[in-house]
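S.K.: Dropping a prediction and its sequence here:
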Amino acid sequence: MSGGFAQRAREALGNQQLHIALDRTTAQLVVRRAAGLASLEDADRVRDRARASKMQLLHTLADSLRAFEARLVENGARVHWAETAADANRIIVEIATKAGVRRVAKSKSMASEQTHVNGAFERAGIGVVETDLGEYIVQLAGDRPSHIIMPIVHMTREQVGRVMAQRLAVPYSDDTQTLARYARAQLREEFLQADMGLTGANFGVVENGAICLVTNEGNARMVTTLPRVYVVLMGIEKLVPTMADLDRFLKLLARSATGQKLTAYTTLVRGPRRSGDDSGPDQMHVVLLDNGRSKILAGETAEILGCIRCGACLNACPVYRSVGGHAYGDVYPGPVGSIVTPGIRGLAPFAELPSASSLCGACREVCPVRLDIPRMLLALRHEAVEHTRQPAALRMGLTLFARVASRPRLYRAATAVVRRVLRSRARDGWIRRAPGMASGWTRFRDLKAPAAETFETAWRRRAAGRTS
């Protein structure tokens, strides 16, 4: 995407339709999450145990991956290793070409968004269609997802109706049931005609080699059973040790994502069709994707690989709720994206993202596995300052502040002057337009006028009164 985060954020702040769409959804999801966690007995203990198992697995990831591969092979699946996104796309297209695939039906997959596999299919002359309703609308619109679990959170139903009317030649409607009916009618034939099904994976169970898919639509089950070739594109961090661990993660994922006790469809796939099976693919392939994850694992932000992609941190983040997902410039938005994207794509082109946070801690509070997102954002900010060139105005401003703040008398004098200037500009206790570098704040919001008396002055005065 063009421009940096700041430019995209400014454009998003001026997009009234985006704000309407975000407000309709994120606030509702926050409320649902709280109610969902309240319904889970001993939720804190479940979260603690889930975190412990995930962190332990990351410490032994190489051994766990080897064990997982062995279970997959025993189950009849073929395993492929992809170091980069290009490797993954090449492997998947080769599987499709060798099998004579002409049409691919996809279930929702953030990993495939990361590798841009749809473009690879199209360049190879292979048709591909998204079958998740939100992803299907994104594909029709020539857009990309802006939320981990709600791909079209940035679109109103009116916008969706216009896209469908234009691309599917159906009567315009903004009724959600009608729009879903339009999509079902189009996608039914896609399921029946597809030669290959492609999904991501919410979890991979080391204990038995099962692939777990979690959806609220039946499309994933159609994708995994009807086509003769089935491919899983799975990030290497998606493992859980045992089925007991999976049970805990499923309880947390559904509640954190949508407030449900359990999603409508939880599917476990353990291999291709066996003798006597009524349905299932003739071939099952699992592509294990690294694409920067090993580099993340070796650094200060390794903890982020414990993310289960519930999207709760996005819904709680005041920055995401103001600018939406497209402002982050890549597949993963919000607090998690501000860590994952620089880890996968490199920090230099995404050095702004770790600063796209107020560090309020809401993301850490709602994370089902208690990832310390603020700590990781601070680590990346430090790395950005050390290794990427900062704006001249910021460098000069921080240098000046350090010199003033380290000299108490000068600091008191300077803040007294600033306080008087700001108070002179206040109306009804608020400053609508601040001078100098502070103008960046008041460009989009008002600034509370400083108090007439500083905390230090008030403290000294009250202390003097107690001793007199």
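M.R.: Structure's in. What do you need?
S.K.: Show me the domain layout of this structure.
M.R.: Taking automatic domain parsing as the reference, the chain has its domains at 1-39+304-389, 68-291, 392-467.
S.K.: just flag whichever of those has the lowest average confidence.
M.R.: With a mean of 86, domain 392-467 has the lowest mean pLDDT of the domains of the chain.
S.K.: mind listing the strands for this protein?
M.R.: 78-82, 103-106, 127-130, 196-199, 203-205, 210-215, 229-235, 239-240, 265-269, 283-289, 430-431, 447-448 (DSSP state E).
S.K.: for those, which one sits closest to Gly36?
M.R.: Closest of the strands of the chain to Gly36 is strand 210-215, at 14.3 Å (criterion: CB to CB). Using the backbone N, CA and C atoms, a C-beta is placed for each residue, glycine as well.
S.K.: tell me what that closest one is packed against?
M.R.: strand 203-205, helix 243-258, strand 265-269 (3 or more CB pairs under 8 Å, 6 or more residues apart in numbering; DSSP states H and E).
S.K.: strand partners of it, parallel vs antiparallel please.
M.R.: Applying DSSP bridges to the sheet, strand 210-215 is found paired with strand 203-205 (antiparallel), strand 265-269 (antiparallel).
S.K.: Can you give the distance of it from its chain's centre?
M.R.: 18 Å (CA atoms, centre = their mean, to the nearest Å).
S.K.: returning to what we had before: just name the most buried of the strands paired with strand 210-215.
M.R.: strand 203-205 (a mean of 23; mean count of other CB atoms under 10 Å).
S.K.: Show me how far the longest helix anywhere in the chain is from its chain's centre.
M.R.: The longest helix of the chain (DSSP state H) is helix 16-38. Chain-centre distance of helix 16-38: 15 Å, with CA atoms, centre = their mean.
S.K.: Make sure Ala43 is actually in contact with Ala34.
M.R.: No. Taking contacts as CB atoms under 8 Å, Ala43 lies outside contact range of Ala34: 10.8 Å.
S.K.: Neighbour count for those two, which is higher?
M.R.: Between Ala43 and Ala34, Ala43 has the larger neighbour count (other CB atoms under 10 Å), namely 16 against 12.
S.K.: Just give the closest residue to the more buried one, not the sequence neighbours.
M.R.: Among residues not flanking Ala43 along the chain, Leu37 sits closest, at 5.0 Å (CB to CB, 6 or more residues apart in numbering).
S.K.: which residues touch the one you found?
M.R.: By CB atoms under 8 Å, 6 or more residues apart in numbering, the residues touching Leu37 are Ala43, Arg255, Ser256.
S.K.: my read: the last one touches Arg33, true?
M.R.: Yes. The pair Ser256 and Arg33 qualifies as a contact (CB under 8 Å) at a distance of 5.7 Å.
S.K.: Out of the strands paired with strand 210-215, flag the one nearest Arg445.
M.R.: Comparing these by CB to CB, strand 203-205 comes nearest, at 40.7 Å.
S.K.: list the contacts for the spatially closest residue to His154 that is not a sequence neighbour?
M.R.: Among residues not flanking His154 along the chain, Ser146 sits closest, at 4.2 Å (CB to CB, 6+ apart). Residues near Ser146 by CB under 8 Å, 6+ apart: Ile152, Val153, His154, Gly324, Gly325, His326, Pro333.
S.K.: okay, now the second one: neighbour count?
M.R.: Translated: Val153. Number of residues near Val153 (other CB under 10 Å) recorded here: 25.
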